[in-house]
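Trainee: Return atomic coordinates for the entry below.
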Amino acid sequence: MLDFNQEIILEDSKVILRPLVANDIDALKVIAFEDKMLLQYSPNLIYNADLLEKYIKDALDSKAMQSRYPFVIIDKYSNTVVGSTSFCNVSNYDKRLEIGYTWLGNAYQKTGINRHCKYLMLDYCFNVLNFERVEFKTDERNEKSRNALLGIGAKEEGILKSHTLMYDGYRRNTVYYAILQHEFANTKLYNWYKSL
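Mentor: Predicted coordinates:
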């Protein structure tokens, strides 16, 4: 069972995931403000103080309601906050959750950081929480995210049409992916991580 009152810290040689707190805004704004379209396929943008404050407040409110557990991502080599990710849409009863709200500053993309985060989060879900299913979703237009999910071994399950209202009024089609507990040890991500 995911305990929302527990301080969950996930760590390996490359990254630390620790719970998001309100004063992380100072560290996050350094990377969030550098690119207005950093979250172009997300329903919520974060490129200025008001937007980022709302993003953090919503994340912490959702944690209080026990539906989302947000983290900051720290690059251990530079000891720098480089992004954020979350466990979300948590159903302890059904033993499933989603990994989402994931973003990294441009300089930290394609560095392996995201793959380390995904491994640590999946390992925690399947081997600590003993959950059965982890879901992912993304905008149908987001080829980079879709390829990354396939690249870790998630399986595409379908497209929900006109699923999410975007910041600009566009209604996106959302693609769902999942990894099941018994599949994890045979995924590309698992094998990559174990070969490091």
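Trainee: which residues sit in contact with G83?
Mentor: G83 is in contact with L28, I31, V72, I73, T102, W103, L104, G105, Y108, I113, counting by CB atoms under 8 Å, 6 or more residues apart in numbering. Placement of C-beta: from N, CA and C, glycine included.
Trainee: let's see it at 7 Å
Mentor: Residues counted as contacts of G83 (CB atoms under 7 Å, 6 or more residues apart in numbering) are I31, I73, W103, L104, G105, Y108.
Trainee: Which element, helix or strand, includes it?
Mentor: strand 80-91 (DSSP states H and E).
Trainee: and that strand, how far from the chain's centre?
Mentor: In terms of CA atoms, centre = their mean, to the nearest Å, the centre of strand 80-91 is set 4 Å apart from its chain centre.
Trainee: Check the average confidence over that strand, would you?
Mentor: Mean pLDDT, computed over strand 80-91, is 98.
Trainee: buried ones in that strand?
Mentor: Across strand 80-91, burial judged by 16 or more other CB atoms under 10 Å covers V81, V82, G83, S84, T85, S86, F87, C88, V90.
Trainee: Neighbouring strands of the next helix or strand after it in the sheet, and parallel or not?
Mentor: Where DSSP H and E defines the elements, the next helix or strand beyond strand 80-91 is strand 96-104. According to DSSP bridges, strand 96-104 forms sheet pairs with strand 80-91 (antiparallel), strand 133-139 (parallel).
Trainee: Sounds good, over and out.
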